[in-house]
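Engineer: make a model of this:
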Amino acid sequence: MPDGSRQSPSSPATAADVAPAIAAVLEAQREHFVAGKTLPRHAREEALRAFLASVQKHEPHIIDALHEDMHRSSTEAYLSEVGYVTGEIRNAIKSVGKWMRPKKMFSPLAAAPSRSMLVSQPLGSTLIVGPWNYPVQLALAPLVGAVAAGNVCVVKPSELAPASSAVVKAIIDEAFDPEWVAAVEGGIETSQALLEHRWDHIFFTGGTEVGRIYAKAGAEHLSRVTLELGGKSPTIVTASADLDVAAKRIAWGKWFNTGQTCIAPDYILAQRSIRDELVEKIGKAATGFYGEDPQQSPDYGRIINDRHFARVAGLIDEAKVAYGGKTDAADRYISPTVMTEVTLSDKVMGEEIFGPLLPVLDFESLEEVVETIGKNPNPLALYLFTTTAAEEQLILDRVSFGGGCINNTLLHFSDHKLPFGGVGSSGLGAYHGHHSFEAFSHKKGVLKTANFLDPSVKYPPYDDTKRRILRKLVH
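Structural biologist: Here you go, the predicted model:
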């Protein structure tokens with residue numbers, strides 16, 4: 001996501017104003033954790049069941065809030081927010097016992113008679129900071145892992161989506177005692193007050209520049225940090241691709257949530273021989289999805305606020321618009337827009353778009369693709385449309401990216417078995433499913449030795465025989 005695009009606006013309150021309340025919450029949570037109340041399996045499962053019930057109860061409120069904040073359709077809201085979170089919770093309830101169980105490992109012969117194991121231990125006091133673009137999912141999905149792993153947690157939803165922030169707080173207040181999980185609303189003053197404290201783990205989703213602030217705060221206290229950031233995620237379409245399928249899947253992935261998705265296709269790299277045909281098919285797909293006037297479609301959303309509208313609208317080069325290009329500032333509406341004849345020096349290629357603009361560049365060989373993508377920082381996602389195994393392997397081997405799809409867009413995010421996270425400037429750490437549990441856990445390596453046998457070979461004094469035996473044991 002563009003730097004600063006999730007930063008909080010200025011507020012008349014200060015960090016000192018909200019600090020006492022935050023300090024009281026943290027103290028109560030630390031006492032709760034130290035008392036061991038989050039450790040038992042049954043306690044975690046009961047908390048997750050209460051969490052699930054609260055999300056389900058508030059489903060209509062979530063859908064209404066997302067429509068109020070971003071004109072999101074009820075279908076999009078359910079698929080990407082409600083359904084995703086409830087799926088994560090159900091998976092955790094079913095799996096937390098297995099995740100908690102120590103994992104047996106083979107011990108080296110030199111340590112005999114011993115057995116080794118990995119023990120998952122909760123980190124303790126955790127902070128989750130959510131963004132505005134998926135304000136329910138990206139605040140609550142990480143919380144599933146934090147609770148399943150046995151941590152206490154403070155969740156700060158984004159104030160830029162105020163209706164959704166209020167629902168997130170209502171869900172948490174209903175599902176949890178504040179000594180276990182508490183929601184804290186507010187703007188930059190709240191963020192500043194939160195970062196004054198030591199956390200055992202900070203989980204931040206947002207823009208790269210703000211992510212650096214949270215990383216520095218974590219470094220100050222040697223806290224673990226997970227950063228889910230963004231970047232310019234490329235979509236590569238080769239001449240071997242099924243263009244009809246590619247066009248529909250690209251259009252769906254790009255204009256889901258009006259392009260305000262950190263893993264949305266940010267730009268297309270199309271092989272020159274099929275570029276024009278692909279652009280035509282993407283335009284037809286968009287019209288099929290949203291009609292001749294997407295502003296009237298109940299399935300097409302709006303830009304989050306006036307500031308972001310002005311930023312995204314300012315990236316449109318009318319001379320290069322091949323489809324769409326319409327805007328309405330009063331409605332914060334920008335139509336699905338495809339731009340062609342785009343070069344790397346164009347303004348639209350200078351930052352993550354985070355909106356419904358889709359620039360198209362062309363290429364002749366995949367070597368050009370590797371070079372072009374390498375001119376930007378590591379993308380959070382990459383999408384490749386091809387039917388050629390050699391092309392697929394070349395991109396997987398040569399391009400660094402957080403995760404992605406072959407012949408699809410966005411859907412890798414929906415698989416609980418796959419880790420989701422960035423690399424380099426697009427993020428640090430990963431989560432989803434079991435990976436969320438691990439993100440909020442410390443893996444302790446423990447070796448347990450029996451007392452019935454205590455070989456003297458490891459003890460000094462060392463003679464030649466002992467040295468020969470020891471060398472073989474550790475070889």
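
Engineer: tell me the phi and psi of the residue most central in space within the chain?
Structural biologist: Compute the mean C-alpha point of the chain, and by CA atoms, centre = their mean the closest residue is E228, 4.7 Å away. Recorded main-chain torsions at E228 are phi -110, psi 100, according to degrees, to the nearest 10.

Engineer: check A112 too.
Structural biologist: The phi/psi pair for A112 (degrees, to the nearest 10) is phi -60, psi 150.

Engineer: which strands or helices does the helix or strand where I89 lies pack on?
Structural biologist: Assigned by DSSP states H and E, I89 belongs to helix 83-100. When contacts are defined as 3 or more CB pairs under 8 Å, 6 or more residues apart in numbering; DSSP states H and E, helix 83-100 sits against helix 41-57, helix 137-148, helix 434-439. (Each C-beta comes from the backbone N, C-alpha and C, glycine too.)

Engineer: distance to H475 and mean pLDDT added to those helices, as JSON lines?
Structural biologist: Converted to JSON lines, the helices and strands packed on helix 83-100 look like this (distance: least, CB to CB, whole Å; pLDDT from 0 to 100):
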{"stretch": "helix 41-57", "distance to H475": "41", "mean pLDDT": "98"}
{"stretch": "helix 137-148", "distance to H475": "40", "mean pLDDT": "98"}
{"stretch": "helix 434-439", "distance to H475": "32", "mean pLDDT": "97"}
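
Engineer: and these, which is most packed in?
Structural biologist: When the helices and strands packed on helix 83-100 are scored by mean count of other CB atoms under 10 Å, the highest mean neighbour count falls to helix 137-148 (a mean of 28).

Engineer: where does pLDDT dip in this structure?
Structural biologist: Residue ranges of the chain with pLDDT under 70: 1-13, 15.

Engineer: about what we covered before: leaving out sequence neighbours, find the closest residue to the residue nearest to the centre of the chain.
Structural biologist: Spatial nearest neighbour of E228, excluding adjacent residues (CB to CB, 6 or more residues apart in numbering): T205 at 4.2 Å.

Engineer: show me what contacts that neighbour?
Structural biologist: Going by CB atoms under 8 Å, 6 or more residues apart in numbering, T205 touches 129-131, 138, 142, 228-229, 262.

Engineer: measure it to P298 for me?
Structural biologist: 28 Å (CB to CB, to the nearest Å).

Engineer: and for V457?
Structural biologist: For V457, the distance to P298 - CB to CB - is 77 Å.

Engineer: give me the neighbour count for R307.
Structural biologist: Using other CB atoms under 10 Å, the number of residues around R307 comes to 13.

Engineer: again with the one 4 residues further on
Structural biologist: R311 is flanked by 17 other residues according to other CB under 10 Å.

Engineer: over to I171?
Structural biologist: Close neighbours of I171, defined as other CB under 10 Å, add up to 27.

Engineer: that one and Q56 touch, don't they?
Structural biologist: No. Counting by CB atoms under 8 Å, I171 sits too far from Q56 to count as a contact (9.9 Å).

Engineer: residue contacts, Q295?
Structural biologist: Contacts of Q295 by CB under 8 Å, 6+ apart are 326, 328, 331, 333, 335.

Engineer: mind running it again at 7 Å?
Structural biologist: 328, 331, 333, 335 (CB atoms under 7 Å, 6 or more residues apart in numbering).

Engineer: filter those residues to the buried ones?
Structural biologist: Neighbour-count burial (16 or more other CB atoms under 10 Å) applied to the contacts of Q295 gives 333, 335.

Engineer: who does whichever strand or helix holds L358 pair up with?
Structural biologist: Using DSSP H and E, L358 sits in strand 357-363. Sheet pairing of strand 357-363 (DSSP bridges) gives strand 267-271 (parallel), strand 337-339 (parallel).

Engineer: hey, which of these is tucked in deepest?
Structural biologist: Of the strands paired with strand 357-363, strand 337-339 is the most buried (mean count of other CB under 10 Å), at a mean of 27.
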